[in-house]
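**Q** Compute the structure for the input listed below.
(4 chains)
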There are 4 protein chains.
Amino acid sequence: MTVVMDVEELNVFMRRAFPQVADDFNVEEVGHDEVVVRLMVADRHLRPGGTVSGPSMFSLADVTAYIATLSRIGPKALAVTTNCAIDFMRKPAANTDLIAKSRLLKVGRQLAVIDVLIYSEGMEAPVARANLTYSIPPVGSEADQAG
Amino acid sequence: MTVVMDVEELNVFMRRAFPQVADDFNVEEVGHDEVVVRLMVADRHLRPGGTVSGPSMFSLADVTAYIATLSRIGPKALAVTTNCAIDFMRKPAANTDLIAKSRLLKVGRQLAVIDVLIYSEGMEAPVARANLTYSIPPVGSEADQAG
Amino acid sequence: MTVVMDVEELNVFMRRAFPQVADDFNVEEVGHDEVVVRLMVADRHLRPGGTVSGPSMFSLADVTAYIATLSRIGPKALAVTTNCAIDFMRKPAANTDLIAKSRLLKVGRQLAVIDVLIYSEGMEAPVARANLTYSIPPVGSEADQAG
Amino acid sequence: MTVVMDVEELNVFMRRAFPQVADDFNVEEVGHDEVVVRLMVADRHLRPGGTVSGPSMFSLADVTAYIATLSRIGPKALAVTTNCAIDFMRKPAANTDLIAKSRLLKVGRQLAVIDVLIYSEGMEAPVARANLTYSIPPVGSEADQAG
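**A** Predicted structure coming up:
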């Protein structure tokens, strides 16, 4: 399965589909094996002490997996997350952007499965890992979550 | 293991520990078997169409599991989420508060394990389920995530 | 959605569909809210010390979730597990049967979501918890795992 | 953290620690970034049709994560799995060995986190993915699962 949307198309689509978080994320790279997305860390993402919050890391994992899926199936706003398992492994550096790198493991007719590693920019070891499942809507129908 | 913090103490502690999200959550009930927390849904929690976003549901699950753990071990801000698996099962009702109910399955020396069900207020079937693991810091030390 | 297979029908179906493990499991109760399945513990399920192994607990969770799903959708051997998250919380008692109790959270057109608690018979606190997702094959087709 | 046990030591330790499954697994490679373990598929691992069962894949993921952890912390039989999330993505080839490759993401004082990909020997795309958390016993104590 080939890449059908490039970095610019994905950024445009994301900003239109999720205007509430348009200023949080930037798609940086889209390749066959990997998609890279940046969380531009601002005050609203922080916990006391300057650490990026768990929900902000979840949000980045979710957006990255979505972008990775769209890069193969094209702009379908109806694809929905059905499942996520996330491990928080290290404290992110204070006031530092997070960089997520995805690995697209499967794009089937009904489900996509994606692994994501999250890094504090400039640190070598990942701060979190996640795997997500997306439900892909059949043509002319809604995805399963709505059912 | 008995309940050592009540609804009021937990609300006060939460607002002090997480000022950024102080206006989002309210602890409603604390019992031996169950803790109930409300997400007071506002524009910032919504996706286009009025549906509550996945990260907002994750955030509610995380706070609820934290509150359930604190209700037994007392006010320790250092307890950290190490792991969460969450299933998104149904679309929440538009512009409606979410209610999370926890089941505390284990509070050990190092780890607490909590299940959470999330409901759209007024709907019978849950919209999401999650299970979370918290790392409990040894006395006089930091939790494992920081290591 | 109503229960469409009873305890006896489910035991017969399970023994025919999974002859390799026919002697391991017994469906004990099937209700609207809960299905109960027993793992009849034998030497092959044990670790040194007499503890039931992790894979045996996973296997019990998987069978229980499958039985819970079939009790609602009828005998479809093609339903496949797409996802499982399991927490091992306490050491099971030595040489003691395990009892699994399920909670069927969703049966949609494509996916079923089930929570399972596993007990060592006679112990009050659960030894493990799991949540599983099953992919339900569309009529006249194979499930997504095969794609 | 360096590798402290080689392929031969790990195979010897595994056969002694888990005699019930000694003939199922073989540690094939141990490196800084990756451990490779083979499931030597036999009748007892199969479902009707010749497909390797879900519990057999779980078992392989569990053993591989354990071997990856031991390769860094040395022979500690008390390390216990506290958590696993596994996705079943494709049907394994019939009567074919499975190969698991791990990625050790963290070895902390209390917890190790490992990702595993499982392949049907000779197929390019993975059949399953898993992530596991191991609880590492403090010196002179038992791991948390026993508590």
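**Q** buried ones in stretch A:25-32?
**A** Neighbour-count burial for stretch A:25-32, counted by 16 or more other Cβ atoms under 10 Å in any protein chain shown, picks out A:25-27, A:30. Glycine gets a C-beta too; all of them are placed from N, C-alpha and C.
**Q** oh sorry, the question was meant for stretch A:116-128
**A** A:116-120, A:126-128.
**Q** Same check on stretch A:29-43?
**A** Applying 16+ other Cβ under 10 Å to stretch A:29-43 flags A:30, A:35-39, A:41 as buried.
**Q** near chain D, which residues of chain A show up?
**A** A:85, A:87, A:89-90, A:105-106, A:108, A:113, A:115, A:117, A:125-126, A:129, A:131, A:133 (Cβ under 8 Å from any Cβ of the partner chain).
**Q** related to what we said a few turns ago, which of the buried residues of stretch A:29-43 fall in strands?
**A** Using DSSP state E, the subset of the buried residues of stretch A:29-43 located in strands is A:30, A:35-39.
**Q** okay if I get these as TSV plus pLDDT?
**A** Listed next are those as TSV, based on pLDDT from 0 to 100:
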residue	pLDDT
A:30	96
A:35	96
A:36	98
A:37	97
A:38	97
A:39	96
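**Q** Of those, just say which sits nearest to chain B.
**A** Distance to chain B, by Cβ to the nearest Cβ, is smallest for residue A:39 among those, at 11.5 Å.
**Q** In this structure the closest one contacts residue A:56, no?
**A** Yes. Applying Cβ atoms under 8 Å as the test, residue A:39 and residue A:56 come out as touching, 6.6 Å apart.
**Q** which residues do these two both contact?
**A** Common neighbours of residue A:39 and residue A:56 (criterion: Cβ atoms under 8 Å, 6 or more residues apart in numbering or on different chains): A:45, A:98.
**Q** Bridge partners for residue A:30, pull those for me.
**A** Beta bridges link residue A:30 to residue A:35, judged by DSSP bridges.
**Q** Reformat the buried residues of stretch A:29-43 as JSON lines; add distance to residue C:6.
**A** Output for the buried residues of stretch A:29-43, formatted as JSON lines (distance: Cβ to Cβ, whole Å):
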{"residue": "A:30", "distance to residue C:6": "52"}
{"residue": "A:35", "distance to residue C:6": "48"}
{"residue": "A:36", "distance to residue C:6": "53"}
{"residue": "A:37", "distance to residue C:6": "50"}
{"residue": "A:38", "distance to residue C:6": "55"}
{"residue": "A:39", "distance to residue C:6": "51"}
{"residue": "A:41", "distance to residue C:6": "56"}
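**Q** ok, now which ones touch the residue nearest to residue A:33 when sequence neighbours are not counted?
**A** The shortest distance from residue A:33 to any non-neighbouring residue, by Cβ to Cβ, 6 or more residues apart in numbering or on different chains, is to residue A:103 (7.0 Å). By Cβ under 8 Å, 6+ apart, the residues touching residue A:103 are A:33-34, A:114-116.
**Q** let's see it at 10 Å
**A** Counting by Cβ atoms under 10 Å, 6 or more residues apart in numbering or on different chains, residue A:103 makes contact with A:33-35, A:65, A:68, A:113-117, A:131, D:115, D:117, D:126, D:129.
**Q** Residue A:19 now?
**A** Contact partners of residue A:19, counting by Cβ under 10 Å, 6+ apart, are B:47-48.
**Q** what's the next secondary structure element after the host helix or strand of residue A:112?
**A** Take DSSP states H and E as the rule and residue A:112 turns out to sit in strand A:111-120. Per DSSP H and E, the first helix or strand lying C-terminal to strand A:111-120 is strand A:128-135.
**Q** Let's see that following strand as PDB, backbone CA atoms only.
**A** Presented in PDB, the C-alpha positions along strand A:128-135 are these (Å, rounded to 0.1, in the frame of the first residue of the first chain):
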ATOM      1  CA  ALA A 128       6.400   6.900  26.200                       C
ATOM      2  CA  ARG A 129       5.200   4.200  23.900                       C
ATOM      3  CA  ALA A 130       1.800   3.500  22.600                       C
ATOM      4  CA  ASN A 131      -0.100   1.200  20.200                       C
ATOM      5  CA  LEU A 132      -3.400   2.200  18.700                       C
ATOM      6  CA  THR A 133      -6.200   0.500  16.700                       C
ATOM      7  CA  TYR A 134      -8.300   2.500  14.200                       C
ATOM      8  CA  SER A 135     -11.600   1.400  12.800                       C
END
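**Q** picking up where we left off before, which one of the contacts of residue A:103 is nearest to residue B:12?
**A** The closest of the contacts of residue A:103 to residue B:12 turns out to be residue A:116 (Cβ to Cβ; 35.7 Å).
**Q** any idea how far the closest one lies from residue D:32?
**A** Separation of residue A:116 from residue D:32 (Cβ to Cβ, to the nearest Å): 23 Å.
**Q** tell me the average confidence for the helix ranked longest in chain A?
**A** Counting by DSSP state H, the longest helix found in chain A is helix A:54-73. The pLDDT scores in helix A:54-73 average 94.
**Q** what about it and chain C, any contact?
**A** No. Applying Cβ under 10 Å from any Cβ of the partner chain, one finds helix A:54-73 separated from chain C by no less than 13.7 Å.
**Q** export that helix as PDB, just CAs?
**A** Written as PDB, here are the backbone C-alpha positions of helix A:54-73 (Å, rounded to 0.1, in the frame of the first residue of the first chain):
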ATOM      1  CA  GLY A  54       0.000  12.300  30.300                       C
ATOM      2  CA  PRO A  55      -3.100  13.400  28.400                       C
ATOM      3  CA  SER A  56      -0.900  15.600  26.100                       C
ATOM      4  CA  MET A  57       1.200  12.500  25.400                       C
ATOM      5  CA  PHE A  58      -1.900  10.400  24.700                       C
ATOM      6  CA  SER A  59      -3.100  13.200  22.400                       C
ATOM      7  CA  LEU A  60       0.100  13.200  20.400                       C
ATOM      8  CA  ALA A  61       0.100   9.400  20.100                       C
ATOM      9  CA  ASP A  62      -3.500   9.500  18.900                       C
ATOM     10  CA  VAL A  63      -2.900  12.200  16.300                       C
ATOM     11  CA  THR A  64       0.300  10.500  15.000                       C
ATOM     12  CA  ALA A  65      -1.500   7.200  14.500                       C
ATOM     13  CA  TYR A  66      -4.300   8.900  12.800                       C
ATOM     14  CA  ILE A  67      -1.900  10.700  10.400                       C
ATOM     15  CA  ALA A  68      -0.100   7.500   9.700                       C
ATOM     16  CA  THR A  69      -3.400   5.800   8.800                       C
ATOM     17  CA  LEU A  70      -4.600   8.700   6.600                       C
ATOM     18  CA  SER A  71      -1.300   8.700   4.800                       C
ATOM     19  CA  ARG A  72      -2.300   5.400   3.300                       C
ATOM     20  CA  ILE A  73      -6.100   5.400   3.100                       C
END
